[in-house]
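*Asks:* Compute the structure for the input listed below.
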Amino acid sequence: MGEGEKFIVLGGRPLKGEVEICGAKNSGFKLMIAALYSDSFSTIRNFSKIGDVLSTAEIIKDLGGRVEFDQNHVLRVSGKGLAKQRFSQSSGKLSRASTYFIGPLLKHFGKAILPNPGGCKIGRRPLDRHLEGIRALGAKVNTLNGFFEITTKQLKGGPFTFPKSTHGGTDIMVIAAATAKGKTVLENAAQEPEIDDLIAFLNKMGAKIKRTKSRTIVIEGVNQLKPAEHEVMPDRNEVVTFACAALATKGEVFIKKANPRVLKTFLEALKTINARFGVEKDGIGFFYKGRLRSLNIVTRPHPGFMTDWMGIWTLLMTQAEGESIVHETIFENRFAFVDQLKKMGAKIKLFNPRIVKPESIYNFNLEDDRPEYFHAARIFGPVNLKPARLEIIDVRAGATLTIASLVAKGRSELKGVALLDRGYENLDQRLCKLGAAIKRVKDEKK
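*Replies:* Residues are numbered from 1 along each chain as shown. Here you go, the predicted structure:
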């Protein structure tokens with residue numbers, strides 16, 4: 001998807017109209033992996049036709065499982081035919097999903113041999129939080145020629161406390177413990193809505209999983225799981241993308257299926273900056289009605305301000321009056337897109353805040369930090385962005401630069417569209433329906 005393609009964008013037009021969001025990127029692919037516990041087909045509805053889903057399907061097929069795509073955003077997945085316990089190096093680089101397969105592969109084979117996960121280069125993904133949990137369930141983990149070899153006769157439930165909040169680590173433990181023998185109690189578990197979507201699907205398959213407190217998940221292991229039907233929750237990151245696009249271009253967009261319950265922190269921030277929105281029964285409308293005010297935000301695990309929102313929020317703050325600060329605490333190196341915004345005339349200064357106890361503030365492993373990494377941005381606005389030739393470096397940066405190009409009056413070019421397609425289904429086409437002028441063409445210099 002998007003390989004060797006780029007966007008040609010003619011900016012300066014306010015976005016207006018209605019858009020419907022797709023199934024959550026951070027939910028769909030892991031439901032597919034959980035479905036491998038059953039030899040019969042599970043049906044997953046409202047999946048997004050994005051790179052992460054397609055790459056997960058490729059991995060499943062390569063391992064011998066079955067994936068069937070139907071019309072109307074419906075797919076079916078079955079673990080019948082799984083024949084491999086080892087990923088190829090190329091399969092592992094397709095996405096960050098490789099460690100999510102630990103549970104189903106151990107259940108089928110008692111062994112899983114996995115490469116280091118791929119995905120966006122936005123900082124290290126600390127696998128220690130994933131693998132320590134798997135060890136706590138009785139598995140042995142060894143490294144072998146760049147692969148992780150994980151073995152066990154049967155996973156056994158027990159207590160485990162995550163040292164820091166980890167979305168992926170919680171997902172992986174929930175999937176693995178679903179068929180472990182006995183009870184597993186996860187403490188300091190992440191509480192993102194996409195995790196609860198996974199839990200809902202596994203429970204439909206016959207799992208016994210319950211979130212007893214905001215950060216406590218109790219899992220009573222079962223021996224077998226059955227096929228189930230499930231509809232992927234709507235993507236809250238898409239809501240934020242289209243909402244900020246409407247506000248930054250001084251337009252008005254109604255987003256169908258937008259759920260205010262999973263967007264509380266974002267909506268509160270909009271109130272503070274004088275952005276307008278209206279919650280309806282079937283979605284939320286966002287519209288520009290006067291100058292935006294600056295605001296300082298700090299990214300946090302849910303229910304805090306999401307790290308995936310910080311790029312496009314940074315872009316929005318270039319259109320707000322005054323000085324804003326965005327402090328990123330989840331990943332150690334997520335401001336690479338700022339150089340691209342500076343090419344467009346954005347006034348942004350990167351810096352590192354003085355932190356007395358960084359281990360209590362930063363969610364990444366401090367040993368992964370580097371002197372050249374910055375953890376905060378000071379943004380000065382409003383500025384008139386100018387068109388430029390830009391390079392997309394990851395999914396969320398791609399959305400940020402696409403919207404920035406819609407704000408800038410004139411012709412911009414964006415290379416690296418394939419990275420954007422990993423997380424957004426036809427973002428260019430859906431923006432065009434709102435009045436954007438975006439053309440997807442071959443990148444002849446690729």
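
*Asks:* Pull the residues that contact stretch 40-50.
*Replies:* With contacts defined as Cβ atoms under 8 Å, 6 or more residues apart in numbering, stretch 40-50 is touched by 1, 22-25, 28, 31-32, 35, 53, 66, 68, 73-78, 80, 205, 226-232, 234-235, 421-426. Quick note: C-beta positions are derived from backbone N, CA and C, even for glycine.

*Asks:* out of these, which are buried?
*Replies:* Neighbour counting by 16 or more other Cβ atoms under 10 Å classes 1, 22-25, 28, 31-32, 35, 53, 66, 73, 75-78, 205, 227-228, 230-232, 234-235, 421-426 among those as buried.

*Asks:* Tell me which of the contacts of stretch 40-50 fall in strands.
*Replies:* Members of those lying in strands (criterion: DSSP state E): 66, 68, 74, 75, 76, 77, 78, 229, 230, 231.

*Asks:* separation between the third one and residue 442?
*Replies:* Pointing back at residue 74 there. According to Cβ to Cβ, to the nearest Å, residue 74 stands 31 Å off from residue 442.

*Asks:* burial measure for residue 57, as a count.
*Replies:* Neighbours of residue 57 under the rule other Cβ atoms under 10 Å: 21.

*Asks:* looking at it, it is touching residue 32, isn't it?
*Replies:* Yes: with contact defined as Cβ atoms under 8 Å, residue 57 counts as touching residue 32 (7.0 Å).

*Asks:* intersection of neighbour lists for these two?
*Replies:* Shared contacts of residue 57 and residue 32 (Cβ under 8 Å, 6+ apart): 67, 75.

*Asks:* residues contacting residue 217?
*Replies:* Each residue near residue 217 by Cβ under 8 Å, 6+ apart is listed here: 170, 174, 185, 186, 189, 199, 209, 210, 211.

*Asks:* For the chain, which helix or strand comes out least confident on mean pLDDT?
*Replies:* The helix or strand with the lowest mean pLDDT-type score in the chain, counting by mean pLDDT, DSSP states H and E, is helix 89-92 (a mean of 70).

*Asks:* how about whichever helix or strand comes after that one as CSV, C-alpha atoms only?
*Replies:* As assigned by DSSP states H and E, the chain's next helix or strand after helix 89-92 is helix 102-109. Taking Å, rounded to 0.1, in the frame of the first residue of the first chain, the C-alpha atoms of helix 102-109 are listed here in CSV:
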residue,chain,number,x,y,z
ILE,A,102,3.4,-15.5,21.6
GLY,A,103,0.2,-16.8,23.3
PRO,A,104,-1.4,-18.6,20.3
LEU,A,105,2.0,-20.1,19.1
LEU,A,106,2.7,-21.4,22.6
LYS,A,107,-0.7,-22.9,22.8
HIS,A,108,-0.4,-24.6,19.5
PHE,A,109,3.3,-25.7,19.6
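
*Asks:* re earlier: how about CSV for the ones in strands among the contacts of stretch 40-50, with distance to residue 317 added?
*Replies:* Output for these, formatted as CSV (distance: Cβ to Cβ, whole Å):
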residue, distance to residue 317
66, 46
68, 44
74, 39
75, 38
76, 43
77, 41
78, 46
229, 42
230, 37
231, 35
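
*Asks:* Would you map the helices across the stretch 51-200 of the chain?
*Replies:* For the stretch 51-200 of the chain, helices defined by DSSP state H, counting those that start in this stretch occupy the ranges 51-63, 89-92, 102-109, 128-136, 167-177, 193-204.

*Asks:* What ranges does the stretch 301-446 of the chain have for its helices?
*Replies:* Here the stretch 301-446 of the chain has its helices, by DSSP H, counting those that start in this stretch, at 310-317, 338-343, 358-361, 395-407, 417-421, 427-432.
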